[in-house]
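Q: Show me how the following folds:
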Amino acid sequence: MPLKHTSGALKLADQRALVLLDEANNTIWSSNSSRSATNPSFDHPSDTLIPGMKYGNNSVTCLNHLLTSWKSTDDPLRAFQLDRSQSWSLYSTVPVDECETYAFCGAFSSCNIKNSPLCGCLRGFVPKSPQDWNATDWSNGCVRKTPLDCGDGDGFLKYSGFKLPDTRMSWHNRTMDLKECNNICVKNCSCTGYATLDIRGGGSGCILWFGELIDIRA
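A: Predicted coordinates for the structure are as follows:
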């Protein structure tokens, strides 16, 4: 359906060229600069790509068909190229997946991009805010089902194949073995986890976590 203009009509011809027609239906302007009526093309597609357009470099005609982004309705900018420096600058970054976002699932929870939902509480833990959790807001993380009593009944569950939690609230020793690591951690109510510090050569050393475990990924 042509768009009416004061001096004629604007329409898309054969879904390839944008043409401006006068009142007598004669072409007075066309975006198709090709001389071939059987093989029309857009040489300068501006900021819009539609079916039938050619894009990229044409080695025969030596034309480079490029898209042009716009900073505003009246200010074109050639694809994130800065006007002053004429150099490329990083505008923004997007994580490959949401699990790469720091502490995406909150405390005592793990993120797995293959699962739906992405976040899951560690064993023995439940969502801190069930309402937010069900609304896919996992930032509050999880809390223990049963509080620790700091007695002989407390213990640890083994996890394998996980990215270790954030180590800002951790302590390590390069000479202790994993059994010694367990003995120290189980006697400290603020110790929430432990692991081998260096897994090479059968493993050596000890790392202990204190407080919330965050940024775990399966």
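Q: which residues touch stretch 189-201?
A: Residues outside stretch 189-201 that contact it (Cβ atoms under 8 Å, 6 or more residues apart in numbering) are 148, 150, 156, 164-165, 172-174, 178, 181-182, 184-185, 203-213. Placement of C-beta: from N, CA and C, glycine included.
Q: rerun at 6 Å
A: Defining contact as Cβ atoms under 6 Å, 6 or more residues apart in numbering, one finds that stretch 189-201 is touched by 148, 150, 172, 178, 181, 185, 203-210, 213.
Q: Can you flag the buried ones in the residues you listed?
A: Buried members of those, counted by 16 or more other Cβ atoms under 10 Å: 181, 185, 205, 206, 207, 208, 209, 213.
Q: doesn't residue 165 make contact with the last one?
A: This points to residue 213. Yes - between residue 213 and residue 165 there is a contact at 4.2 Å, judged by Cβ atoms under 6 Å.
Q: picking that back up, from the buried ones among the contacts of stretch 189-201, pick the one nearest residue 66.
A: Comparing these against residue 66 with Cβ to Cβ picks out residue 213 as the nearest, at 49.3 Å.
Q: residues contacting that closest one?
A: Residue 213 makes contacts with 108, 165, 192, 193, as judged by Cβ under 6 Å, 6+ apart.
Q: Give me the secondary structure label for it.
A: Of the three states, residue 213 takes coil according to DSSP: H, G, I helix; E, B strand; the rest coil.
Q: hang on, the earlier thing: so of the buried ones among the contacts of stretch 189-201, which ones are in strands?
A: Within the buried ones among the contacts of stretch 189-201, residues falling in strands by DSSP state E are 205, 206, 207, 208, 209.
Q: The residue lying closest to the first one once chain neighbours are set aside - how many residues pack around it?
A: I take that to be residue 205. With Cβ to Cβ, 6 or more residues apart in numbering as the criterion, residue 205 has its nearest non-adjacent residue at 3.0 Å, and that residue is residue 197. Burial measure for residue 197: 19 neighbouring residues, criterion other Cβ atoms under 10 Å.
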